[in-house]
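Asker: the following comprises the amino acid sequence and a computationally predicted model.
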Amino acid sequence: MNGNEKQFITALTCYHLQLARSHGPFAQRHMERAEVFRNIMEPPRVVPDRRPEVAEGLALALTEGGSTWSTTEPHGIFRWTIRSELMALPEAMKERIASAREVHLDIDSPGGDAVATIAILRALEGKRVNVSVRYAASAAAILVACVNGHRSIASDGGLLIHEPAQGALGGREEHRQAIKLIDAAVDYFVPLMAERTRQPTATIEEWFKDGDHHFSAEQALAYGLVDSISDSSVAVGCLVSRAGASLGAPAHSG
């Protein structure tokens with residue numbers, strides 16, 4: 001983690017602590033998010049549960065916050081099923097990814113946090129990755145778009161991309177800091193998405209403006225957000241009904 005990333009995470013921690021201390025209606029949620037960011041800076045040691053054992057090697061299966069992850073040995077395949085918001089990358093999971101030969105992601109997620117998405121992308125660098133997505137919004141959609149591997153979307157699935165959101169409580173300086181956090185996240189993701197999708201930078205920047213941008217499976221494929229559409233029909237998340245808006249013909253990268 002470089003200095004800029006540490007500064008970014010530290011600022012997010014302070015921001016959520018400030019909101020938690022305001023004793024507003026979402027104080028408990030902000031305290032929980034502050035703890036997530038603290039753990040990114042100084043991750044707690046997690047001892048994985050080594051059950052159940054299976055005849056064909058050892059499968060380590062854990063469930064945390066709506067996500068299930070497992071490693072199959074000796075094949076070295078790390079499988080991560082994501083059914084919740086992306087809020088953090090536990091150290092135990094990071095270690096399993098680092099030691100895996102191949103990573104399989106199964107995503108049906110309403111979104112999550114930009115810092116968690118950055119941490120996951122960094123952990124996946126240099127790995128052979130296969131992604132299956134039903135529906136992904138916000139941070140989860142950015143993860144799908146940016147990951148370096150084969151990305152397959154369900155035929156009745158979809159993606160939703162919009163500008164990162166950040167609230168602020170306080171005076172002008174607090175709002176300035178919130179804007180800086182949004183700018184930092186956009187500056188990080190735009191070049192990654194442009195490289196992966198082969199779309200012009202201007203096109204990616206438009207996706208981070210003017211509200212929600214919905215992509216059907218066909219549109220996601222046309223824009224390079226995924227690499228293929230799966231033939232089988234799968235149940236998608238509760239947000240899939242919002243994925244039908246047309247965005248017109250894809251831009252060309254030249």
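Answerer: Arrived safely, thanks for sending.
Asker: what ranges do the helices span in the stretch 1-150 of the chain?
Answerer: 3-20, 27-41, 91-99, 114-124, 138-146 (DSSP state H, counting those that start in this stretch).
Asker: list the buried residues for the helix or strand containing Glu218?
Answerer: Under the criterion of DSSP states H and E, Glu218 resides in helix 217-222. Within helix 217-222, the residues that count as buried by 16 or more other C-beta atoms under 10 Å are 217, 219-222. In this view, the C-beta of every residue, glycine as well, is placed from N, C-alpha and C.
Asker: average pLDDT for it?
Answerer: Mean pLDDT, computed over helix 217-222, is 96.
Asker: what does stretch 80-98 give?
Answerer: When pLDDT is averaged over stretch 80-98, the result is 84.
Asker: any regions of the stretch 1-150 of the chain where pLDDT drops low?
Answerer: Applying pLDDT under 70 to the stretch 1-150 of the chain flags the ranges 1-75.
Asker: run the last query once more with 80
Answerer: Filtered on pLDDT under 80, the stretch 1-150 of the chain yields the residue ranges 1-75, 88, 90, 92.
Asker: now do the helices in the stretch 151-254 of the chain.
Answerer: Going by DSSP H, counting those that start in this stretch, the stretch 151-254 of the chain shows helices at 172-197, 201-207, 217-222.
Asker: need the winner for burial among those.
Answerer: Sort the helices of the stretch 151-254 of the chain by mean neighbour count, taking mean count of other C-beta atoms under 10 Å, and helix 217-222 sits at the top with a mean of 20.
Asker: save the helices of the stretch 151-254 of the chain as a markdown table, and put in distance to Glu125 too.
Answerer: Converted to a markdown table, the helices of the stretch 151-254 of the chain look like this (distance: least, C-beta to C-beta, whole Å):
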| stretch | distance to Glu125 |
| --- | --- |
| helix 172-197 | 11 |
| helix 201-207 | 20 |
| helix 217-222 | 23 |
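Asker: of those, which approaches Gly157 most closely?
Answerer: In terms of C-beta to C-beta, the element of the helices of the stretch 151-254 of the chain nearest to Gly157 is helix 217-222, at 5.2 Å.
Asker: which strands or helices does that closest one pack on?
Answerer: Contacts defined by 3 or more C-beta pairs under 8 Å, 6 or more residues apart in numbering; DSSP states H and E place helix 217-222 against strand 150-161, strand 228-230.
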